[in-house]
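> Coordinates only, no sequence provided:
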Ligand code: DSN
């Protein structure tokens with residue numbers, strides 16, 4: 001067979017792009033060579049619908065071993081009692097959970113997308129907002145922080161069956177204990193979607209949702225630095241707190257309901273090549289090197305946010321507890337999130353435009369940008385480099401219409417990044 005040079009050339013081009021630029025998209029990271037190697041294997045050929053030891057296909061002995069290792073490592077990493085490592089993504093994990101514990105038309109309460117929440121937490125354009133009845137809580141205008149009294153008030157009024165916490169663009173710690181009290185008060189199940197800060201939570205640098213939340217979902221590719229994918233977890237004693245029943249009226253364990261929510265509920269065959277890569281990534285995340293990494297991720301984000309503020313940028317909530325920050329550009333004049341994203345990409349600096357709480361602009365324009373430290377920390381950058389990253393961003397934004405200046409900055413970025421080798 002002829003090698004598909006067209007596609008391999010494009011893959012090389014993408015690798016060069018990743019090597020040459022400064023990657024600040026908060027949901028991205030650089031998986032290790034062995035994680036990528038595990039994904040590109042013959043495991044992609046195997047159908048394995050079902051769970052280890054209970055498959056609908058023959059020949060699953062090897063993938064069973066791999067999936068069991070992935071499950072054991074995930075449990076050890078997060079201190080979980082039960083996991084399902086099959087969700088293809090975080091969105092799929094959330095879909096499986098909702099299918100397992102809700103009926104169509106049930107009420108859900110989530111963090112507002114325009115304040116930093118996620119599409120799958122009830123947005124009207126997503127299955128979660130179409131199949132279920134969503135309501136939302138947000139941050140306070142003055143502080144940029146969630147007010148839990150307000151969450152309680154909305155929960156008491158709406159009486160959701162599922163209360164969802166977790167975000168895509170919220171830089172502060174979550175009070176899972178308080179949220180559990182609220183959930184108990186209104187008879188809701190509590191779901192934490194920790195897709196973003198999962199790595200920091202796994203290694204104890206942020207509050208542990210498994211102590212309080214009935215169900216926890218995550219992605220495996222953000223701070224966790226694994227392959228693209230999702231996962232569902234249960235903590236101790238959270239087996240079916242409400243005696244949820246199957247459509248046939250049988251009482252089932254929560255873990256079994258969730259397994260069915262994944263397959264056959266929302267997915268067919270699991271991606272065993274990705275599950276192998278998840279196992280490798282979980283193994284890496286249990287190492288001392290990874291512990292040093294997540295500590296540095298947190299330090300780098302904190303230093304970056306301070307530096308942005310010292311240059312007159314408004315960081316929502318006045319800082320960060322995790323790996324990301326949300327910046328309201330309105331303190332810098334007329335520049336929109338879209339302008340900033342477009343100008344920065346010309347200098348090979350990648351961020352994403354992002355709505356800020358109470359944004360006056362549409363999601364296609366936005367007034368803000370989201371910046372994360374996970375990927376640049378993987379490249380070996382430390383506190384001292386964060387100052388320069390912010391200086392470069394500021395220089396681009398202050399010269400956004402000066403193509404010559406931006407070209408100069410791009411050259412500086414490309415030559416600087418050679419000092420932080422990635423895969424080459
Ligand atoms: N798209 C992801 C993010 O950027 O945060 C969330 O799914």
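Cool, got the structure. What you see is a predicted model; the values in this text were computed from it and never measured.

> residues of stretch 230-239 that come out buried?
Residues 230-235, 238 are the ones in stretch 230-239 that count as buried (16 or more other Cβ atoms under 10 Å). For every residue, glycine as well, the C-beta is placed using N, CA and C.

> Tell me if I am right that residue 233 is in a helix.
No - counting by DSSP: H, G, I helix; E, B strand; the rest coil, residue 233 is not part of a helix but strand.

> Distance check, it against the ligand.
18 Å (Cβ to the nearest ligand atom, to the nearest Å).

> Now do the SS call for the closest residue to that residue other than its chain neighbours.
In space, residue 233 comes closest to residue 80 once its chain neighbours are excluded; the distance is 4.1 Å by Cβ to Cβ, 6 or more residues apart in numbering. Following three-state DSSP, we place residue 80 in the coil state.

> was I right about residue 80 contacting residue 208?
No - the pair residue 80 and residue 208 does not pass the contact test of Cβ atoms under 8 Å, sitting 10.2 Å apart.

> Can you check the pLDDT for residue 242?
In this model, residue 242 is scored at 85, pLDDT.

> again, but for residue 424
Per-residue pLDDT puts residue 424 at 80.

> thinking again about what came up before, among residue 80 and residue 208, which residue is more densely surrounded?
residue 80 (20 against 17; other Cβ atoms under 10 Å).

> Next up, the contacts around the more buried one.
Each residue near residue 80 by Cβ atoms under 8 Å, 6 or more residues apart in numbering is listed here: 74, 210, 216, 233-235.

> Doesn't residue 65 belong to a helix?
Yes - assessed by three-state DSSP, residue 65 belongs to a helix.

> give me the residue from the stretch 251-400 of the chain nearest the ligand.
With Cβ to the nearest ligand atom as the measure, residue 352 is the residue of the stretch 251-400 of the chain nearest to the ligand, at 6.7 Å.

> Could you do the stretch 151-300 of the chain as well?
For the stretch 151-300 of the chain and the ligand, the shortest gap (Cβ to the nearest ligand atom) falls at residue 168, measuring 3.6 Å.

> okay, now the residue nearest to that residue when sequence neighbours are not counted: neighbour count?
Excluding its sequence neighbours, the residue lying closest to residue 168 (Cβ to Cβ, 6+ apart) is residue 118, at 4.9 Å. Residue 118 is flanked by 24 other residues according to other Cβ under 10 Å.

> in the stretch 151-300 of the chain, which spans are helices?
Along the stretch 151-300 of the chain, counting by DSSP state H, counting those that start in this stretch, helices occupy 176-186, 198-202, 254-260, 272-285, 288-310.

> Just say which of the ones you listed is most tucked in.
Across the helices of the stretch 151-300 of the chain, averaging neighbours per residue (mean count of other Cβ atoms under 10 Å) puts helix 198-202 on top, at a mean of 27.
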